[in-house]
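**Student:** I'll drop the sequence and a predicted model, then ask my questions.
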Amino acid sequence: MTRITEKFWEDCRYFLKGETWGDWTKISKELIDALIRLRQLANRSVNIHCAWASGVGHSSKSMHYTDPCLAADVHITGMTILEQVKLAHSAGFNAIGAYPFWNKPGIHVDLRGLLGKPDIFWIEAEKGKEGTYTYYKTFEEFCEALKQIKI
Ligand SMILES: [Zn+2]
């Protein structure tokens, strides 16, 4: 994995250095390349909620804490959660969390496959049960479960 440098931002058309990356110097090139693919596939804004974090605010083995960072939480303007998830999978993310009950429903995306970790998908439970997840090993099961969710 590689890191991005100051120079990267000069040519980056889709994201700004000043977005809420946590610390952009900790972001992996692989992560931002996948986010750019997602942005291009969506042809809409991919809004960054967070990326790198210093060991708090996410689950204990979170890819938000890896150095360089392999995870981001985002939402795509004007898309359903299922649409966002499908595009993220096409963009190459092998671990995707769906958060249908965020104020702006969105997704966690990460590239744990680069660390040799298997695909994993999850859905966060409804309000009042935040932090409770149902996990799926296949993308197909994950999508089927998302279709059943009433927001
Ligand atoms: Zn996350």
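**Tutor:** Cool, the structure landed. Predicted model, so just to flag it, every value in this text is computed and none were measured.

**Student:** Now the spatially most central residue of the chain: phi and psi?
**Tutor:** Nearest to the mean C-alpha position of the chain, by C-alpha atoms, centre = their mean, lies Val109 at 2.2 Å. Here is the backbone geometry of Val109 (degrees, to the nearest 10): phi -130, psi 140.

**Student:** which residue sits closest to it, ignoring its sequence neighbours?
**Tutor:** Distances taken as C-beta to C-beta, 6 or more residues apart in numbering place Phe93 nearest to Val109, at 4.1 Å, with adjacent residues excluded. Where you see a C-beta, it was placed from the backbone N, CA and C, and this is true even at glycine.

**Student:** I figured the one you found hits Leu111, correct?
**Tutor:** Yes. Taking C-beta atoms under 8 Å as the contact criterion, Phe93 and Leu111 are neighbours in contact, 6.3 Å apart.

**Student:** which of the two has more neighbours?
**Tutor:** Phe93 (27 against 24; other C-beta atoms under 10 Å).

**Student:** and the more buried one, that's in a strand?
**Tutor:** No. Phe93 is assigned coil when assessed by DSSP: H, G, I helix; E, B strand; the rest coil, not a strand.

**Student:** where's the residue nearest to Val109 relative to Ile123, distance?
**Tutor:** 15 Å (C-beta to C-beta, to the nearest Å).

**Student:** again, but for Gly92
**Tutor:** If you go by C-beta to C-beta, the gap between Gly92 and Ile123 works out to 20 Å.

**Student:** neighbour count winner among those two?
**Tutor:** Neighbour count, other C-beta under 10 Å: between Gly92 and Ile123, Ile123 has more, with 23 against 15.

**Student:** What does the pLDDT read for the closest residue to Lys29 other than its chain neighbours?
**Tutor:** With sequence-adjacent residues excluded and distances taken as C-beta to C-beta, 6+ apart, Lys29 is closest to Thr2, at 4.4 Å. Reported pLDDT at Thr2 in the predicted model: 92.

**Student:** next one: Ile151
**Tutor:** pLDDT, Ile151: 68.

**Student:** and the chain, which of its residues are near the ion?
**Tutor:** Asp73, His108 (C-beta under 5 Å from the ion).
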